[in-house]
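In: fold the following, please.
(chains A, B and C)
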Amino acid sequence: MMLYEQIYDVVRQIPPGRVASYGQVARLVGGCTARMVGYALAALKRSKESESVPWQRVINRHGKISPHGDGFGSLMQRERLEAEGVVFGEDGRVDWQTFGWLEEK
DNA sequence: CGGCTGACTCTGG
DNA sequence: TCCAGAGCCAGCC
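Out: Okay, the predicted model is just below:
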């Protein structure tokens, strides 16, 4: 099984209304880095998997959405998360204590 | 087979 | 607190 498939599988386990960081996903997959996760998600847009993987629930370590696409994709990501109940602070950050999938430590 | 492309995280100044 | 640089690797032409 390709590494990307394993990453997608972990992302699919994130429940609605919750978010996880690239590093946490990488940790769960094991043997891969946060950057690998970012690369895998970037590859999603040119894959059919994009329809079945909740990529919007993966954000960076600072609780913010990393700029990607034309800077337009990140906006869509925020819209999707807010639709699930995730709330962004004034600085555009998410509260890990409230919306983090696994407790951030 | 060689080169190009990315949605991160950490560390030091 | 903010910014720049380094480390790093699978997929797809």
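In: only C-alpha atoms from now on, for both contacts and neighbour counts.
Out: Noted.
In: where does chain A get nearest to DNA strand C, which residue?
Out: Ranked by Cα to the nearest atom of the strand, the top residue of chain A for proximity to DNA strand C is A:Met2, at 3.5 Å.
In: run a quick neighbour tally on that residue.
Out: By other Cα atoms under 10 Å, the residues close to A:Met2 number 6.
In: ok, now A:Ser21?
Out: Number of residues near A:Ser21 (other Cα under 10 Å) recorded here: 24.
In: for it, phi and psi?
Out: Main-chain torsions, A:Ser21, degrees, to the nearest 10: phi -90, psi 160.
In: and for A:Ile14?
Out: phi -70, psi 120.
In: I'd say it and A:Gly100 touch.
Out: No: using Cα atoms under 8 Å, A:Ile14 is not in contact with A:Gly100, being 9.7 Å away.
In: what touches both of those two?
Out: Both A:Ile14 and A:Gly100 are in contact with A:Ala20, where contact means Cα atoms under 8 Å, 6 or more residues apart in numbering.
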